[in-house]
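3D, please:
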Amino acid sequence: MTGRLLGVVAVLTLGLAISCTSGDGDPDDPAPSASPGSATAVPATATSSPTPSTTPTPRPPVTLEPGDDIQGVVDGQPAGTHYILTPGLYREQAIVPKDGDVFEGEAGAVLSGARLLEGFEQADGVWSIGGQTQRLDPHGGCGSPEALSDIEDYRGCRFAEQLFIDDEPLWQVTEFEQLAPGRWYFDYDADRIYFVDDPAGRTIETSVSAAAFRGNAADVSIRGLVIEKYASRAQAGAIQGGGTHRWIVADNEIRLNHGFGLRIGPEMQVLNNHVHRNGQMGLGGLGDHALIEGNEIAYNHTAGFLEEWEAGGTKFVVSEGIVIRDNWVHHNSGRGLWTDIDIVDVLIEDNLVEWNTRGGIVHEISFDAQILNNTARYNGLGFDGWVWGAQILIQNSSDVVVSGNEVTVSADGGNGIAIVNQTRFSEGRDPYRSDRVLITDNVISHLGNSGTNGAPNGCTTEGSRFDRNRYEAPAEWFEAARFEWCGVFTWDEFVLAGQEPSGVRVEVS
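You can find the predicted model right below:
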C-alpha cells in the first residue's frame, strides 16, 4: 500500500495571453489626443506616417560554457532569456530559472550533480577521502536487494548521496563492517567516504547537488541536455517540477539520479526524453493536465527501494487530466506505468510497456481512466502471485475503459487483464471501488499454460464486465481454471458466470 501524498496543486492553464487596451480606439494605430487649451490635434489620415512597430527586438541567446556559474548568469539576466549550453561537463550546477527561460544543450552538454574525487588514503585494503559535507535528510522505504542478501533490514536507499566508479553506482551500506566490492560507506559524522574497490586509473565521483532545475517559475523549457548523478531524494527529481507551471522538458537524457529522474508539475510537457537508470523511479509526481509523450523510460529503480512503497518506471498521483501517450516503458524494476491515489480523467494510450518486473499498466484507487490501444507484454514475472503480475491491472478504481490493447503473457509467468476490488478507503473514509470497469475488445495472448484474467472479487463490483475480448492460448489453458470472478473458472464456466458473452476463444499450439 502506498503512502498518500499531501499538498495542494494549483490548476493552471496551458497558455497565458494578455491583451491590454485603453479606450475604444485601435491600439495598433492610436490618434494623438489634444491637451487642454491646445490646438486641435491633426487627425490620422491615410497619408499620416505609419506608427513605428512596438515589437521588441529579440535578445540574442546567452552562451554558457563548462566552468560557468550558471545560476550567477541567470541571476544577472532578465526573465525569458534563451541559454545555450555548449558541449562539455557542467558540474554541481543547481539552477532556479526565471519565467520563460529556455535552456538548450548542444550535443555533448552534460549537467552533473557529482563531484570528482581525488587524493584517497588507503589503510588495510580500504580507501577513503574526507571533507565530504554533502547530505540531505534521509527518506524512503527500502527493500531487500538480491545483491545485498547478507544484510538484514537494508536502509541505505534512504540516503540520496551516491558514489560512482566509472559511471557505475555502488550500493550504499550503513555500517562500515558491511563494506565489500561494489559497496561504499559514508561516515556522515566524520565527513568521510569509504570503499574497497581499487580507484587506480578510474573515475570516482560522488553526488552532491540535489537538483539540476527547481523553483516555481512558469513556462520554462529544458531541451537537449544530459542530466545525471544528482542526489535527488526519494520522491524528488533531478528536474524538480513540483511547484512549477507549464514547463516543457524535451529531448533530454536523464540518468543515474538517486530518486526520480524527473518530478512533474502542472501542465508540464515531458516529450521524447530518455529516462533511465535512476535510483527510485524514472518520473512521476503531481501535475494536472500534464502530457507525458514519446519518452523511453527504462531500467529504473537501481537503488533498492521497496517496490510496494514506490519504485519502478513511473508513478503519478493526485492529478487530473494527465495524458500518457506513445512511451516505451521497459525493464524497470517495479511497475511500468502506475497511476495511483485520486487520479481523475487520465488517458493512457499507444504505449509499449514490457519486461517490467511488476504490473505493466496499473490504475489504483483512482477514477475515470481510458486505457486504449497499448501493447503490454512480458510484465509481472518478478511478482505474479494472485493477479498482481497483470499486464493491465485496475485496482479499486471506478469508471474505467480498457479497450483495444494487445496483451501478451509470458509462458514463464505473469497475468493478463485483471480487476481488483478490495476494501480501500480514502482519508475522508469514502470507499475506493472498482465499479463500472469495462474490459472490451482487447487481444490477450497466453504463450503457455499459465496466467489468469478476470476479477477475483468481481461479484462485488457494480457494472463491471469482460466482453468482446479475443483470447489466444493453448487448448489446455482454456480447460484449466484460468479465469476469476468470485471464484476460479475455466473458460466455459467464466462464460456461464455472465462474462465474455461475445468473447472469442482461439486455441493455438
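
direction included, what does the helix or strand of the chain with the lowest mean pLDDT pair up with?
The element with the least model confidence among the helices and strands of the chain, by mean pLDDT, DSSP states H and E, is strand 424-425, at a mean of 90. In the sheet containing strand 424-425, its partner strands are strand 431-432 (antiparallel), by DSSP bridges.

and the helices in this protein?
With DSSP state H, the ranges of helices along the chain come out as 70-75, 307-310, 475-479, 491-496.

identify whichever of these lies nearest to residue 219.
When the helices of the chain are ranked by proximity to residue 219, the top entry is helix 70-75, at 14.9 Å, counting by Cβ to Cβ. For glycine as for every other residue, the C-beta is placed from the backbone atoms N, C-alpha and C.

please enumerate residues in contact with that closest one?
62, 64, 81, 83, 90, 93, 94, 95, 96, 97, 98, 101 (Cβ atoms under 8 Å, 6 or more residues apart in numbering).

now with 10 Å, please.
If you take Cβ atoms under 10 Å, 6 or more residues apart in numbering as the criterion, helix 70-75 is touched by 62-64, 69, 81, 83, 85, 90, 93-98, 101, 103, 111, 212.

so what's the residue most central in space within the chain up against?
By Cα atoms, centre = their mean, the mean C-alpha position of the chain lies nearest to residue 283, the distance being 1.7 Å. With contacts defined as Cβ under 10 Å, 6+ apart, the neighbours of residue 283 are 237, 239, 241, 249, 254, 260-264, 268, 270, 273, 275, 290, 292, 295, 297, 300, 313-316, 327.

which residues touch residue 333?
Under the criterion of Cβ under 10 Å, 6+ apart, the neighbours of residue 333 are 143, 145, 281, 299-305, 307, 311-313, 356-358, 382.

read off the pLDDT value for residue 429.
If you check residue 429, the pLDDT there is 72.

distance of it from residue 423?
As for residue 429, its distance to residue 423 is 12 Å (criterion: Cβ to Cβ, to the nearest Å).

who has more neighbours, the two?
Neighbours per residue, other Cβ atoms under 10 Å: of residue 429 and residue 423, the larger number sits with residue 423, 10 against 6.

check contacts around the nearest residue to residue 476 once chain neighbours are set aside.
On the basis of Cβ to Cβ, 6 or more residues apart in numbering, the spatially nearest residue to residue 476 that is not a chain neighbour turns out to be residue 449, at 5.2 Å. For residue 449, the contacting residues are 411, 473, 474, 475, 476, 477, 478, 479, 480, 482, by Cβ under 10 Å, 6+ apart.

for the fourth one, which residues are in contact?
With Cβ under 10 Å, 6+ apart as the criterion, the residues that contact residue 475 are 449, 505, 507, 508, 509.

repeat that for residue 162.
Taking Cβ under 10 Å, 6+ apart, one finds 113-114, 169-172, 184, 186, 205-208, 229-232, 256-258, 279, 302-303 in contact with residue 162.

neighbours of residue 200, how many?
Residues contacting residue 200 under the criterion other Cβ under 10 Å number 7.

surely it and residue 120 touch.
Yes - the pair residue 200 / residue 120 is scored as a contact, 9.5 Å apart, by Cβ atoms under 10 Å.

quick check: neighbours shared by these two?
With the criterion set as Cβ under 10 Å, 6+ apart, the overlap between the contacts of residue 200 and residue 120 is residue 127.

how many neighbours does residue 485 have?
With neighbours defined by other Cβ under 10 Å, the count for residue 485 comes to 23.

my guess is it meets residue 439, correct?
No - the criterion here is Cβ under 10 Å, and residue 485 misses it with residue 439 at 11.6 Å.

residues that sit against both of the two, list them.
419, 453, 454, 455, 464, 465, 466, 499.

who does the closest residue to the last one other than its chain neighbours form a beta bridge with?
Ranked by Cβ to Cβ, 6+ apart and with sequence neighbours excluded, the top spatial neighbour of residue 499 is residue 466, at 4.6 Å. Counting by DSSP bridges, residue 466 is bridged to residue 439.

residues contacting residue 466?
For residue 466, the set of contacting residues under the criterion of Cβ under 10 Å, 6+ apart consists of 402, 417, 419, 437-440, 442, 444, 453-455, 458, 483, 485, 494-495, 497-501, 503.

gap between it and residue 241?
When distances are taken as Cβ to Cβ, residue 466 and residue 241 turn out to be 38 Å apart.

with residue 169 instead?
Shown here: residue 169 relative to residue 241, a distance of 23 Å by Cβ to Cβ.

now do the contacts for residue 332.
Shown in contact with residue 332 (Cβ under 10 Å, 6+ apart): 276, 278, 281-282, 297-302, 307, 311-314, 338, 353, 355-358, 379.

I meant residue 508, not that one.
If a contact means Cβ under 10 Å, 6+ apart, then residue 508 has 445, 446, 447, 471, 472, 473, 474, 475, 477 as its contacts.

what about 8 Å?
Counting by Cβ under 8 Å, 6+ apart, the residues that residue 508 touches are 445, 472, 473, 474.

pull out the buried residues from stretch 255-272.
For stretch 255-272, burial by neighbour count (16 or more other Cβ atoms under 10 Å) applies to 255-271.

okay, how far is it across it, tip to tip?
14 Å (Cα to Cα, to the nearest Å).

likewise for stretch 249-263?
11 Å.

quick one: average confidence on that stretch?
Computed over stretch 249-263, the mean pLDDT rounds to 98.

how about stretch 167-183?
For stretch 167-183, the mean per-residue pLDDT is 98.

ok, stretch 235-243 next?
Mean per-residue pLDDT for stretch 235-243: 96.

send the alpha carbons of that stretch over as PDB?
In PDB, the C-alpha atoms belonging to stretch 235-243 read as follows (Å, rounded to 0.1, in the frame of the first residue of the first chain):
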ATOM      1  CA  GLN A 235      10.200  11.200  -4.400                       C
ATOM      2  CA  ALA A 236      12.100  14.200  -5.700                       C
ATOM      3  CA  GLY A 237      13.700  14.700  -9.100                       C
ATOM      4  CA  ALA A 238      16.900  15.900 -10.700                       C
ATOM      5  CA  ILE A 239      14.400  18.100 -12.600                       C
ATOM      6  CA  GLN A 240      12.200  19.000  -9.700                       C
ATOM      7  CA  GLY A 241       9.000  20.200 -11.200                       C
ATOM      8  CA  GLY A 242       6.800  20.400  -8.200                       C
ATOM      9  CA  GLY A 243       5.500  23.900  -7.900                       C
END
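
out of the contacts of residue 475, which is nearest to residue 223?
The nearest member of those to residue 223, counting by Cβ to Cβ, is residue 508 at 46.1 Å.

could you pull up phi and psi at that closest one?
Here the main-chain torsion angles of residue 508 (degrees, to the nearest 10) amount to phi -120, psi 150.

roughly how far does it sit from residue 409?
Counting by Cβ to Cβ, the gap from residue 508 to residue 409 is 13 Å.

likewise for residue 190?
For residue 190, the distance to residue 409 (Cβ to Cβ) stands at 52 Å.

thinking again about what came up before, out of the contacts of residue 508, which are buried?
Buried members of the contacts of residue 508, scored by 16+ other Cβ under 10 Å, are 445, 472, 473, 474.
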